[in-house]
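Visitor: what follows is a predicted structure for the sequence shown.
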Amino acid sequence: MGVDLDSLVAESRFKKRKVTLGGNNCSSPSSISHNIQTFLPTLRASDYFTEPSLTELTKRELMDPGHSQRVQNFTVGRYGYGKVKFFGETDVRWLDLDQIIKFKRHEIIVYEDETCKPVIGQGLNKPAEVTLLLQIKSLKSQVLEKLKVSAERQGAEFISFNSDKKEWKFTVQHFSRFGLSDNEEEDIAMDDANSDSDSEVQEPIPMLDSDGSDPHLLSHSLPSHLGLDPIRMKEMQMVMFPNEEEYEDQEQEQELNESFSLSHHKQKQHARSPYHHPSRTIRKTPLPLLEYNPTNFGSTTQPGSILLTQQKKPLPLAITKVQGFKIEITETPVTKNYSRNIVDAGLFMSKSFAISFGPNNLLLNSNSSIITLQKIPTDNIVKDENNKIREELIESCFDSPLKFHKEITHETKKVVIDNDYKINIQKLVTNRVSLSHICRTYISIIEKQLEVSGISAKSRVMLMHQVLIWELIKVLFSSRETNTQINPDIESLPLIRRAEFSYWLQESVCHRVQDEISSLNESHDLKHLFLLLTGRQLDTAVEVSASRGDVRLACLLSQAGGSTVNRTDLARQLTLWKTNGLDFDFIESDRIKIFELLAGNVHGALCETEIDWKRFLGLLMWYQLPPDSNLPTIFHTYHNLLQSNRAPYPVPVYIDEGVVENSWITTTSTNDRFDLAYYLMILHGSEGEGVDLGILKSMFSAFASTYDPLDHHMIWHQRAVLEAVGVFSCDDLHVLDMGFVAQLLAVGYCHWAIYVVVHMSYREDYPYLQSRVIREILFQYCETWSGQESQRKFIEDLGIPSDWLHEALAVYHGYYGNSLNALEHYLGCGFWQKAHLIFVTSVSHSLFLSGKHSEIWRVVSSMEDHKSEIENWDVGAGIYMTFYTLRTSLEEDDDTMTEHVPLKKKNDECKEFFSRLKESLAVWDNRLPIDARMVYAKMGEEISDLLVADPGEGSTIEDKLECFSTIFDSPIPDDLLSCHLQNKTTPEQQNRGSSSSTSGKPALQGVGDGDSGDASSLVVACRRLFKQRANLGFIISNRSVSVAKGEEERRRVKKRDGR
């Protein structure tokens, strides 16, 4: 529940404006808007309300300043639960109503945290009237008496009870917790049930808590009597000991969803509970998995569950609130190939399985029945007040500033890496005349981010501070564009810069002044004037003083910060009063402070008053130092006072504005952390003298501008701009660069992360820094940048070598088992040995069996030019090239137009090819899958068919016998060899063999008995070759025999055949 102040007052004061030396704009509508917004009470819960509403409070505050200090009968309530009205006037400034007032079922809690409760009579700890809505079906007369007793027992005064509206009213003098206790609520509900039992019998509907338990029954347990939360204790028990005890008596089936209707909360559960009647417990071991029900990780449904054997009802799991946010995970390793597998029960039920992180910040969390995946952010600046990621915040925080950074002029330096690759190291280049435009553009980007609805108050404070930082950079380091025809007044430039800085200082402290003034009473008029002077709101101070009749003081105030003569006169008058023994008891102390300040005695005016460092710096510049002092003199004066502990520390804005908690400040060393604005002042004061490296490292650390140590998104741009205009030069700020790179990677901006890397300072002593970081990003986040064509094109346009991209993609696809894509990318990056290995062991056989011979030829041809770099080329991919070449030559021989090739030469080529096939089987051994061995057999079979089909014109019988010997030596199955032999015989020999086979003799035997000596010799040779083939087949088929043993066996067989 927020207030739209934009509809009531003017827009933010940080819009484009003109600097004026004499005017003061701190009383503008924008200042009042910011002032009201700072102390207005906050209430974000949509089911809560206030009377008057926050919008009405804003209107009244605008018309009557100070109305928020005295709101009559202020009321806060919650729809459906009740309300509380605070008597009299109530100061509602700076109240966080969401944390202070909480309405629950039949109770109200104000200041739940006792440590934050003010004393009685202050804040909201004051007399009030409470109205509670009782959610009970029907109420009888005895309920009235019980409500009176309950009110008296708690120290409250009973007022009334409306049975129609079910409103119970009572008054209290102070607050803690008021309402019905668990016992009283249960007694009233039981009385109501007993009174209605005669007229209507109805089965009660159990009201279960989020963990499946009855909160009213748990309230009678031991943790409740010990002052602990019984529901929380049961949740802890279920998480820590999920399998310790299982009760046999489970009478209610529990449904864990958010569609519980309010009717479930209006009745009580009367069934037995394990806490009242514990049954016999049985210790059980984890059961095997029965089925796994996956879920769609892109949906918002419940995660996938694993159903256990003999499990009939869902386990009573506790749903706990997790700090984080929901994000749609469209594709993960679990959603691809492994989401429907039945996983080992020990993975989920073993207590040793802990939470772990996967790629891309993917958190894996499991318990006894479910496994959940969620994306964990590492950046808080892109989340709103509800802790949810906002795309518009991501765009305004990272994308828009980097796009503008890319538009600024750059200079490029080519750096050679490993004598092979070149990368372009870029550096921002600009001048001080263009600095004003650059700063205004960054301010407009931040202002668009401020317009995003729902960002937290902390984020708004930090964003406003970034606006001030860019304005300070413009004031301190920009230059005006001069007209060449007019000689500029060089002496006036420091005074102009001083005036601009003075206006910046007034703007930055204006809200602090208004906050302190709003807390004052009307009687503190002099203190009011003093606070106006600390913010140099002279016009307002003079008007206030004159309106209250103090004209003389108004005259002095109108001359404040002017001529040093007036300061000297005031200081002399104060000294004269002291030397003459003037009794200062008759003069207000605040008036003396004003005189001391106007006299230039800042420390004497402050005395014990605490003031922030920016206003102290302003007091030095406005009232103590001469009006013509330049900025370096002012900064050095403050620095010297700081060194002597006479000036407040320039603490960072998150400490100065109270953004972080006090516990964070006490546990974190903050003495060595200064605000980024102070470091900018040091840079301006030491321009031309050089800056210490330690100051630069502290300046560009995250803690100089934000409390988040991982946030470098804006300070990186500020460092780049300052270095581009020549304010300083440093090549040792890589921590800042890598911090910003980590931020970009966390939100999936891999292309911008590489853009930041190429802007890192190049160092001769570490020339490979950029290349190593870029390759690490490409490898680790390959899934992110490869899935978005825009990111990949952006990376290529940066000049990143394409070989690096191909290598990262090859490793990525190889990890997920996509061998074909891995092969293509290994070829793209020139990793020939790895490409050859993947081709032979994983790709070639699948392409061959699929008939994609042209694809095989393309891949092999691309590697042939680099075969000298590839090990085992001849017995690897070279086999496929030899096969296609040999097959083409055998097929072309049938064409009468080609030159005839002798059968002996063809046989020699086939014999060499078959020997390479067998050698390949021996070399690759078990790295070849069964499909690859099948491909080798098909190659041998196809070449054998072509060799057998050759007519062999002009060839001798020995050449033909040698062909059969070659065929039988090929790695093809034995049952196919006889087909080649039968195809070789003539038709007459086949007829004779057929007739002889009818007489009980083999076909080859018949040919040998009735034909010439050549046919007989052919039969004998074939028999010998069959025997030889059987022996060789036994050796080759035995994969358990080593290669050396196989070679020895072959030599022994050949020696035996020779005999």
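Guide: That came through fine. Numbering: from 1, shown residues only.
Visitor: thought residue 840 was touching residue 924?
Guide: Yes - using C-beta atoms under 8 Å, residue 840 is in contact with residue 924, at 6.6 Å. The way it works is simple: take the backbone N, C-alpha and C, and place the C-beta from them, glycine included.
Visitor: overlap in contacts, the two.
Guide: 876, 932 (C-beta atoms under 8 Å, 6 or more residues apart in numbering).
Visitor: more neighbours, these two?
Guide: Neighbours per residue (other C-beta atoms under 10 Å) separate residue 840 from residue 924, with residue 840 holding more: 24 against 17.
Visitor: would you list the phi and psi of the more buried one?
Guide: For residue 840, the backbone dihedrals (degrees, to the nearest 10) come out as phi -70, psi -40.
Visitor: pull the contacting residues for it.
Guide: Contacts for residue 840 (C-beta under 8 Å, 6+ apart) come out as 876, 877, 924, 928, 932.
Visitor: with pLDDT and distance to residue 43 added, can I get these in JSON lines?
Guide: As requested, the contacts of residue 840 are exported to JSON lines (pLDDT from 0 to 100; distance: C-beta to C-beta, whole Å):
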{"residue": "876", "pLDDT": "92", "distance to residue 43": "74"}
{"residue": "877", "pLDDT": "93", "distance to residue 43": "73"}
{"residue": "924", "pLDDT": "91", "distance to residue 43": "74"}
{"residue": "928", "pLDDT": "90", "distance to residue 43": "72"}
{"residue": "932", "pLDDT": "90", "distance to residue 43": "72"}
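Visitor: wait, which of those is closest to residue 49?
Guide: Minimum separation from residue 49 among the contacts of residue 840 (C-beta to C-beta) is found for residue 932, which lies at 75.2 Å.
Visitor: so the closest one versus residue 860, what's the distance?
Guide: In this view, residue 932 and residue 860 are 15 Å apart by C-beta to C-beta, to the nearest Å.
Visitor: can you pull the pLDDT of residue 312?
Guide: As predicted, residue 312 sits at a pLDDT of 35.
Visitor: sorry, wrong one. I was asking about residue 748.
Guide: Residue 748 carries a pLDDT value of 89.
Visitor: go on, residue 447?
Guide: Per-residue confidence (pLDDT) for residue 447: 93.
Visitor: test my guess that it contacts residue 467.
Guide: Yes - counting by C-beta under 8 Å, residue 447 touches residue 467, with 7.1 Å between them.
Visitor: when those two are compared, which one has more neighbours?
Guide: residue 467 (21 against 18).
Visitor: residues contacting residue 429?
Guide: 408, 409, 410, 411, 724 are the contacts of residue 429 under C-beta under 8 Å, 6+ apart.
Visitor: then residue 70?
Guide: Neighbouring residues of residue 70 by C-beta under 8 Å, 6+ apart: 89, 90, 91.
Visitor: mind checking how far the nearest residue to the first one once chain neighbours are set aside is from residue 86?
Guide: Distance criterion C-beta to C-beta, 6 or more residues apart in numbering; nearest residue to residue 89, sequence neighbours excluded, is residue 70 at 4.1 Å. Distance of residue 70 to residue 86, computed by C-beta to C-beta: 12 Å.
Visitor: same check, this time on residue 520
Guide: Per C-beta to C-beta, residue 520 is found 23 Å from residue 86.
Visitor: and residue 757, by the same measure?
Guide: Following C-beta to C-beta, the distance that separates residue 757 from residue 86 is 59 Å.
Visitor: these two: which has the busier surroundings?
Guide: The residue with more neighbours, out of residue 757 and residue 86, is residue 757; 25 against 22, by other C-beta under 10 Å.
Visitor: which stretches of the stretch 501-650 of the chain form helices?
Guide: Along the stretch 501-650 of the chain, the stretches classed as helices by DSSP state H, counting those that start in this stretch are 525-534, 538-547, 551-558, 564-579, 589-598, 602-606, 613-619, 631-643.
Visitor: need the ones you listed in TSV (columns: mean neighbour count).
Guide: Formatted as TSV, these follow (neighbours: other C-beta atoms under 10 Å):
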stretch	mean neighbour count
helix 525-534	22
helix 538-547	18
helix 551-558	16
helix 564-579	14
helix 589-598	19
helix 602-606	18
helix 613-619	23
helix 631-643	17
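Visitor: which one of the ones you listed lies nearest to residue 763?
Guide: Using C-beta to C-beta, the nearest of the helices of the stretch 501-650 of the chain to residue 763 is helix 631-643, at 31.7 Å.
Visitor: got the CA coordinates for the closest one in PDB?
Guide: Provided in PDB are the C-alpha atoms of helix 631-643 (Å, rounded to 0.1, in the frame of the first residue of the first chain):
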ATOM      1  CA  LEU A 631      38.000  24.000  -4.300                       C
ATOM      2  CA  PRO A 632      41.500  22.400  -3.700                       C
ATOM      3  CA  THR A 633      42.000  24.800  -0.800                       C
ATOM      4  CA  ILE A 634      38.600  23.800   0.700                       C
ATOM      5  CA  PHE A 635      39.300  20.100   0.200                       C
ATOM      6  CA  HIS A 636      42.800  20.300   1.800                       C
ATOM      7  CA  THR A 637      41.400  22.200   4.800                       C
ATOM      8  CA  TYR A 638      38.800  19.600   5.400                       C
ATOM      9  CA  HIS A 639      41.400  16.800   4.900                       C
ATOM     10  CA  ASN A 640      43.700  18.400   7.500                       C
ATOM     11  CA  LEU A 641      40.900  18.700  10.000                       C
ATOM     12  CA  LEU A 642      40.000  15.100   9.300                       C
ATOM     13  CA  GLN A 643      43.600  14.000  10.000                       C
END
